[in-house]
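S.K.: sequence? don't have it. structure:
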Ligand code: ARG
Ligand code: ZN
């Protein structure tokens, strides 16, 4: 059943207060609710409808009198007075059998909740929609030692605790936790002088893994005060780590619940990448307190209102806390790997969609990551000052409300000529392709940009978008001839001209088309640096010469664009190699070696710049040039080029490896992790030459997980693999999050022909657990991410994933549906592969009682 934005109506009733009492029991929890309803004068509708699923109604009363209700498959209706009234109900729910991990469930003996988007309706009958906001008081009764809910603790006694949240909130932000937990505690005084108690609650075994998360939390609190002027608003802020969780984390008011993988870290058990991700997710959930909680979404079509904005805020935080260029490269890699891929396939949808079946299926890279890119462009176009002015206006105008993207946009002055057409970014799906042509006349350069967004299944007709093109121009020595200029491409085609010989060259609009002019073949002509900082989320076709790209790679003052030039060279080279039409140029191999050694760039940057584009990136690149990608050929090309790089850099590898070793005690900061990342890249190259001797040494001696896991990854496929994998397992058998890595790395690093065999073998391992989303993703998700291994010609990867998705769907529909996106690329490959993928999807679809989540996804992917 499809839900449309156009059908939105205001709620028929307001809720003035909510009182909940929980008598916790693993299989029979009693929930008593007392809810004050008031007819909404703005609604003509007087029908009283409450959502409710998977529960047993014990009793219901209105104003103290028992009332007859009519149960529907997903809720109830009743006759109610035409005046304010009190609804009271008692229901029974079964947390233990709740393997969907939505609503109230049990995870390793601990009660916890996940209510976004529509989980609260599995806890009690309620108008479970984000525009119904109310004040909650919660009483928890249980013998478990720690009993938590939202807001401030008000009272407690033997076997019970009471919480009150003074800030009106929608039900999706409700949370409850009860368990045998211990706290890592700290405190924070806000800029407004409020003393806040901070706690990270975990199982006793994990108490040594909380310190980093706590530091990240305090840093986030300071940052939001400093940058956005937003201070925290309760006396306590609690975080709880949960082992079984569908997503990363959840921003429940005052009680954030985290997937343990997104908060727990110690140097011995977590990698640098884990630390960085934890810092970003802690920040993200904390930032939601203002962008999501104080101001929330009117309806779920507005999800990007809180997610896109909050992702942008956490990206800003990471850029401020670590290396901004490295942060941007990581953002763009993620955007291309997940969002561009989504937007190019059958699941393409607008950042603000106008219909959906299952809202859980819309927690997508498009809504999160492209949503964040839109906010970034807003800042690029308006400049920082006007951007922050608009945000302040948004906080002033809409605090305490549930609003829309239009409300948000209006805070920036929607009639501002600089923002003409900008809202199209939220409504139009697909990634714009921008083609750049350059033409020289003497010292005058004319740049012509043409944009096109290909039609998608949902939207045939696409319009031109306002695209901020951040452009630089460098001379042969790499000096900037102009500061970065933002040229606004508002139409389908536009041209700009610059005279490069004037003392301060500046771009001006031109009407002339570039076509009748000449390309400059002078080698000293300046080079364009395009889409600096990836200011716009577009696919660029600039057809720059190898010379220009080499110059940008070596000299561009915009570090992102220097990396981008190297990536373009790598894509061109690997694409040609995979098609068997070219071998790498000497100039490119030399430049690559030079960049690996370059003392001018930070080690973290050199680690990223020396990595090759993923197999999927190369496949996408080939597809965009009109070729059918062959995953095995791409894999082979990557192997060949890596081997060639290793041999070309042979003489400096040991020296670089020794030079960048970290000798101080472990810190997960940008500086140390950059060195380890570079050493990790070098160790991979050394392994190609020494068969794994150096990596085996590092694996055996490492005192931190980054070095140990990097070494283990290098060893897969060498003669040391079996022994090292066995030793690693023995060492870490008691640490779930480390064992997830052990599952993931074996499958992720497996050669194409082995990947599905290894994955199948590991699904039969005693430590495999289909009910734990982290373990399932570490296994089947790793298979799907091993592009050449998942897409082997025989189709064994497809069949294995389909088998397991069929099994998981009966247990956890949300995670199943999410992972069906492994099939979204079916149209990209040759017809034999595509057909095999479709056959497996149809097999999933024919499963009796398949969830609506998975049904919607597969149906959309099949098209
Ligand atoms: N709002 C959470 C976050 O981005 C995501 C929770 C989504 N959960 C879900 N079941 N769809 O931080
Ligand atoms: Zn979020």
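M.R.: Good, I have the coordinates. For clarity, every value in this text was computed on a predicted model and none was experimentally measured. Ligands and ions are numbered 1, 2, ... in the order given.
S.K.: Name the residues of the helix or strand that residue 573 is a member of that are buried.
M.R.: For residue 573, the enclosing helix or strand under DSSP states H and E is helix 559-578. Residues 559-575, 577-578 are the ones in helix 559-578 that count as buried (16 or more other C-beta atoms under 10 Å). To be clear about C-beta, it is placed using only N, CA and C from the backbone, and glycine gets the same treatment.
S.K.: check contacts around residue 632.
M.R.: Taking C-beta atoms under 8 Å, 6 or more residues apart in numbering as the criterion, residue 632 is in contact with 752, 788, 792, 793.
S.K.: can you pick the most crowded of those residues?
M.R.: residue 788 (24 neighbours; other C-beta atoms under 10 Å).
S.K.: what about residue 165, which SS state?
M.R.: Judged by DSSP: H, G, I helix; E, B strand; the rest coil, the three-state class of residue 165 is strand.
S.K.: hang on, it packs against residue 150?
M.R.: Yes. Between residue 165 and residue 150 there is a contact under C-beta atoms under 8 Å: 4.2 Å.
S.K.: list residues touching both of those two?
M.R.: By the contact definition C-beta under 8 Å, 6+ apart, residue 165 and residue 150 are jointly contacted by 136, 138, 253, 254.
S.K.: Around ligand 1, pick out the residues from the chain.
M.R.: Contact residues (C-beta under 6 Å from any ligand atom) of the chain with ligand 1: 114, 116-117, 246-247, 249-251, 284-285, 307, 360, 363, 814.
S.K.: if you set the cut-off to 5 Å instead, what comes out?
M.R.: Contact residues (C-beta under 5 Å from any ligand atom) of the chain with ligand 1: 116, 247, 250, 360, 363.
S.K.: so of the residues you listed, which ones are in strands?
M.R.: residue 250 (DSSP state E).
S.K.: Closest to residue 738 out of the residues of the chain next to ligand 1?
M.R.: Proximity of those to residue 738 (C-beta to C-beta) peaks at residue 247, which lies at 21.0 Å.
S.K.: got the contact list for the closest one?
M.R.: By C-beta under 8 Å, 6+ apart, residue 247 lies in contact with 259, 363.
S.K.: hang on, the earlier thing: residue 385: which of the contacts of residue 632 is nearest?
M.R.: Closest to residue 385 out of the contacts of residue 632 is residue 788 (48.2 Å), distances taken as C-beta to C-beta.
S.K.: looking at this structure, which helix or strand is least sure?
M.R.: strand 508-510 (a mean of 92; mean pLDDT, DSSP states H and E).
S.K.: Which elements pack onto that strand?
M.R.: In terms of contacts (3 or more C-beta pairs under 8 Å, 6 or more residues apart in numbering; DSSP states H and E), strand 508-510 is packed against strand 493-499.
S.K.: partner strands of the strand it packs on, parallel or antiparallel?
M.R.: Using DSSP bridges, strand 493-499 pairs in its sheet with strand 444-452 (antiparallel), strand 508-510 (antiparallel).
S.K.: Now for residue 563: which residues touch it?
M.R.: Shown in contact with residue 563 (C-beta under 8 Å, 6+ apart): 325, 329, 605, 608, 609.
S.K.: Inside strands: which ones of the residues you listed?
M.R.: Going by DSSP E, the strands hold none of the contacts of residue 563.
S.K.: which intervals of the protein have sub-threshold pLDDT?
M.R.: Across the chain, the ranges flagged by pLDDT under 70 are 512-523.
S.K.: what's the spacing between the residue lying closest to residue 605 once chain neighbours are set aside and ligand 1?
M.R.: Once flanking residues are discounted, residue 605 sits nearest to residue 326: 5.9 Å by C-beta to C-beta, 6 or more residues apart in numbering. Separation of residue 326 from ligand 1 (C-beta to the nearest ligand atom, to the nearest Å) stands at 23 Å.
S.K.: do the same with residue 228
M.R.: According to C-beta to the nearest ligand atom, residue 228 stands 17 Å off from ligand 1.
S.K.: what's near enough to touch that residue?
M.R.: 290, 313, 388, 391, 395.
S.K.: still on that earlier bit, in CSV: the shared contacts of residue 165 and residue 150, plus neighbour count.
M.R.: Output for the shared contacts of residue 165 and residue 150, formatted as CSV (neighbours: other C-beta atoms under 10 Å):
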residue, neighbour count
136, 25
138, 23
253, 26
254, 27
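S.K.: Having no further points to raise, I will conclude here.
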